[in-house]
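**Student:** Provided below are the primary sequence and the corresponding predicted coordinates.
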Amino acid sequence: METSGTVGTLVRDLTQIVGPDHVIWRPEDLIVYEYDGSIDHSVPAVVVVPASTEEVSESVRLANHHGLAIVPRGAGTGLSGGAVPPSGAMVIALTRLTKIINVDPINHVAIVEPGLVNIQLSEAVAKHGLYYVPDPSSQRACTIGGNVAENAGGPHCLAYGVTTNHVLGIEIVLADGSTVWLGGAEREHLGYDLRAAFIGSEGTLGIATRIALRLIPLPESVRTIVAPFHTLDQACLTVSDVIGSGIVPAALEMIDRVTIEAVEPVYQPGYPASAAAVLLVEVDGLIETVQEQAQVIETICKARGADEIRVADDPQSRANLWASRKGAIGALGTMAPNYYLVDGVVPRTRLQEVMARVSEIGKQFKLPIANVFHAGDGNLHPCILFDERQPGDVERVVEAGARILEICVAVGGALSGEHGIGLEKQSYMGLVFNPADLEAMAKLRPAFGAGLTFNPDKIFPGSSPNAHGVHRTSIRSTGSGDVV
Amino acid sequence: MNELSSYTVDGITPKHVLRPRSVAELSAAIAEADNSRQAVIPFGGGTGMTLGNLPRRYDLAVDVTDIESLFEHNPGDLTAKVNSGMTINCLQERLCESGQRLAFDPPSPEQATIGGAIAANAVGPLRSAFGGIRDLIIGMTIVLANGSLVKSGGQVVKNVQGFDLHRLQVGALGTLGILVDVSFKLAPIPAKERTVVALFEDLDSVFDASQQIIGRSFEPEGLAVLAGESVPPLISFMDQPDRDAKARYMLLVRLAGGLASIQRQTDLVTGAAGATSAKGTSVLENDGDASRFWKAIDNVANAPALLRLRSTVMPASGFQLLADLERLKDLTPDNHFAAVLHSSFGTVIASWTNKNGVMNSSNKRVSKVVEKTRSVVRRLGASIVLEAAQPDLKRSLDVFGDPGPSVEIMRRLKIEFDPHNTLNPGRFVGGI
């Protein structure tokens, strides 16, 4: 337990590193850092916002000196509790490290600081005819460092891969405050693929302070096809048909009727009100490639009963469509004060069956469920709507979420497609992994010299007293406005 | 003895060989070896055994190719799970039946196994469009040194559940564990494929052509530059080649897509070649004619060599590296030199082979070549790997360059996963 004298010393020492404006210690200021995309209440001992790798390093050393756990934090948009601090920890916020250090347009590489907001990278390199592919729906807020920690995805990862397929190297600060590069700016490196081990490690092995990223050329042509379906079944079968035809679209998203009703007044995307589900299918590349693929896709959609297909191929109308997809969760705020966004993955061929079971779960637990998700890679996002003030709602949401995850695992899927395990799902890791698997994974901590310094209460079952299943971590107020 | 000799590595023959028939047998064999402190070298197809430092200890060879076959293919999901001992060709043949493939074309696919190709981080031209094998793996089961079976990842193309132990095995030479099965994301076999071959006199022109192609919004399936003595015999297979003896470099581009798209891509590539003074261009449909060109790429990496180097630098710097290596092409009075540059990746593979089968060469001469190469690459800021070298040379050199300070993390990883140093001890980076 920290006495006020020790906290005083801590604050004084941190102030020497970053200056008084960048140490947060007053209770009324600390509240902001209690939570991330979840609302677990756990007050950190202190928050420090360094301006450089050296300051991060010194802050880590100081935390060691005081015996504090460390939680690295980006924008705090994470949904699995990754940035929620265990009681009495030091939060190191990377939000002042926002620079693009270097862009190499010949070799298609950018080196950036971890606090850079995802979309700002693509915006900055567009003038070179390049962009950064992984595009989480929260990309206007989330940071590259957070993307690395969670191996973030996004709609365009279907064809192009997720964060780990685009990171070339990472400079990290280790638990002892030393700095080391994993990988580099080249496409591959000698020795074990340590950058792969770090990506998706949810802030448990070190703090990223520089990231080398691979950029790809902007496509010459992009077309988004909007196909409404009379039944959810037909939409699900269309997903399999498209993949089965030999096309891997740039993006393939599904929106169900509940979501369509919510987004129409907010974004006016013009989806037919009678549609049970809408597929957004995007293809990109050379003009001829886009034409060839779009033709095949439209034929498939029509064969499955989509009769009001629309196409968007100018930047403005495409932007509107994507805004309605990426802003969908926020738009659901009109329907209920709270939501829980489930993140699970199933094989594409089981989509129809799983969606039917998700719908049954909604009926069984008397909870409306909106579905807006990355159908193309089987990454579901059933969004359970409720009101936490209603007695019994929260308990039913917890159970419903757990049932859905169990189904995902039972059909050969995964516990998380993008949000990570964090606090939210650590108690479910046993559904997928046995003790030997978990023991092997845990070896990464001593290998990185990390011990239990960083995020000690994350990922592994039983490591957090706060992880009471999904309830504590992923229930959100729809009024808070963040895009997910 | 005859059987044992086929498991010789760098002139060193093991005392025993085991060929387990099941995963359980494999697990027990490794646990037993670990318990009795034996040094184990895992074997797949044996195509990558020249890679790695000289074995200091070698008690037991463990060959995984007799383990029962596993083939779970979900065509609708574009995923498959296969046993590590399956050859690349065998896998591709089975996937082909559903019009699918693993987008991975390493050399010697008829012999190389999935596990071995991953452990050696083998590379082929398809990496241009699809990333290395690292980007195609979605899950794995491995046997640790103590015999326990561990899995990571999953069987769906997207997952963040726990740490990525599977990618850690890529290029690891089995030093953290022996691969048992691997799950992959697959790709459809394209409707149509075509190869464009362009001949050049100088590397600057090849660089310009390559940059023009890479900058476009399509990724060719394969993009490679062939140099050295592999080039002249291929010239006669081009249509109307310029028989100018000074044409030294061949740019190979493989294209895929539907009819209109592939025509457009062809026009873009031939246009780039024309704009950069190519001395001849041929457009080849993939069956038959094109395969001999791509085979020449394979041959750089799989011919028995006096010396073979591999290095990955920044893509644009690959051309400079190729030029520097060409200057070192004379190792012996009559060696054959060939090199390939995977230009969108920046990987150069260069090999020196002996024309008349005599494998001796003055070590001093070879060391000098290696030293010059290392300093060249140091200047470019990267490291080289000796993928093949005579045992005498290996005695005096680390075949891997300096991996930098992260080697400390690598050493601790090894201690965690293989505390008794059972798996391929001493053969990896940093002497791990």
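**Tutor:** Sure thing, it's come through.

**Student:** interface residues of the stretch 251-400 of chain B facing chain A?
**Tutor:** Within the stretch 251-400 of chain B, the residues that sit near chain A (C-beta under 8 Å from any C-beta of the partner chain) are B:257-261, B:263-265, B:312-316, B:345-347, B:382-383, B:385, B:400. C-beta here means a position set from N, CA and C on the backbone, and glycine is covered the same way.

**Student:** rerun that using 10 Å as the cut-off
**Tutor:** Residues of the stretch 251-400 of chain B lying near chain A by C-beta under 10 Å from any C-beta of the partner chain: B:257-265, B:268, B:311-318, B:342, B:344-347, B:380-385, B:400.

**Student:** again with the stretch 1-150 of chain B
**Tutor:** Applying C-beta under 10 Å from any C-beta, we find that the stretch 1-150 of chain B lies next to chain A at B:72, B:74-79, B:81, B:98-100, B:121, B:123, B:127, B:130-132, B:134-139, B:141-142, B:144, B:146, B:148-150.

**Student:** Give me the helix or strand of the chain that scores worst on average pLDDT.
**Tutor:** With no chain named, the answer covers chain A. None of the helices or strands of chain A scores lower by mean pLDDT, DSSP states H and E than helix A:471-474, at a mean of 43.

**Student:** I was thinking of chain B, sorry if that wasn't clear
**Tutor:** Each helix and strand of chain B was given a mean pLDDT (mean pLDDT, DSSP H and E); the minimum falls on helix B:363-380 at a mean of 67.

**Student:** Which is the succeeding secondary structure element to that helix?
**Tutor:** Once helix B:363-380 ends, the next helix or strand along the chain (criterion: DSSP states H and E) is strand B:384-389.

**Student:** For that next one, list every residue counted as buried.
**Tutor:** Within strand B:384-389, the residues scored as buried using 16 or more other C-beta atoms under 10 Å in any protein chain shown are B:384-389.

**Student:** Same check on stretch A:351-361?
**Tutor:** For stretch A:351-361, the buried set under the neighbour-count rule, 16+ other C-beta under 10 Å, comprises A:351-352, A:354-355, A:357-358, A:361.

**Student:** for those residues, which one is nearest A:V103?
**Tutor:** A:L351 (38.9 Å; C-beta to C-beta).

**Student:** and that closest one, what is it in contact with?
**Tutor:** Contact analysis of A:L351 by C-beta atoms under 10 Å, 6 or more residues apart in numbering or on different chains lists A:232-233, A:235-240, A:254, A:373, A:375, A:378, A:380, A:411, B:76-77.

**Student:** Please flag which of those sit within strands.
**Tutor:** A:254, A:373, A:380 (DSSP state E).

**Student:** From these, which one has the minimum pLDDT?
**Tutor:** Note: of the ones in strands among the contacts of A:L351, the lowest pLDDT belongs to A:F373, at 89.

**Student:** so how far is B:L91 from it?
**Tutor:** 31 Å (C-beta to C-beta, to the nearest Å).

**Student:** Which one's more surrounded, those two?
**Tutor:** Set side by side, A:F373 and B:L91 show more neighbours around A:F373, with 29 against 24, by other C-beta atoms under 10 Å in any protein chain shown.

**Student:** Surely that one is in contact with A:A235?
**Tutor:** No: the criterion here is C-beta atoms under 10 Å, and A:F373 misses it with A:A235 at 11.3 Å.

**Student:** Between those two, which contacts overlap?
**Tutor:** A:254-256, A:351, A:355.

**Student:** what's the most distant pair in those?
**Tutor:** A:I255 and A:L351 (13.9 Å).

**Student:** any residues in contact with both of the two?
**Tutor:** Common neighbours of A:I255 and A:L351 (C-beta under 10 Å, 6+ apart) are A:235, A:373, A:375.

**Student:** any idea how far the closest residue to A:L130 other than its chain neighbours is from chain B?
**Tutor:** With C-beta to C-beta, 6 or more residues apart in numbering or on different chains as the criterion, A:L130 has its nearest non-adjacent residue at 4.1 Å, and that residue is A:L215. Per C-beta to the nearest C-beta, to the nearest Å, A:L215 is found 12 Å from chain B.

**Student:** Please name the residues that touch A:L215.
**Tutor:** Shown in contact with A:L215 (C-beta under 10 Å, 6+ apart): A:103-105, A:107-110, A:121-122, A:125, A:128-133, A:166.

**Student:** rerun at 8 Å
**Tutor:** With C-beta atoms under 8 Å, 6 or more residues apart in numbering or on different chains as the criterion, the residues that contact A:L215 are A:103, A:108-110, A:125, A:128, A:130-132.

**Student:** ok, back up a step: if you look at the residues of the stretch 251-400 of chain B next to chain A, which of them are in strands?
**Tutor:** Counting by DSSP E, those contribute B:257, B:311-312, B:342, B:347, B:384-385 to strands.

**Student:** any idea where the strands of the stretch 251-400 of chain A begin and end?
**Tutor:** A:251-256, A:277-285, A:310-312, A:338-341, A:344-345, A:369-373, A:379-380, A:382-386 (DSSP state E, counting those that start in this stretch).

**Student:** And the stretch 201-350 of chain B, by the same measure?
**Tutor:** Under the criterion DSSP E, counting those that start in this stretch, strands of the stretch 201-350 of chain B are mapped to B:222-228, B:249-257, B:280-285, B:307-312, B:335-342, B:347-354.
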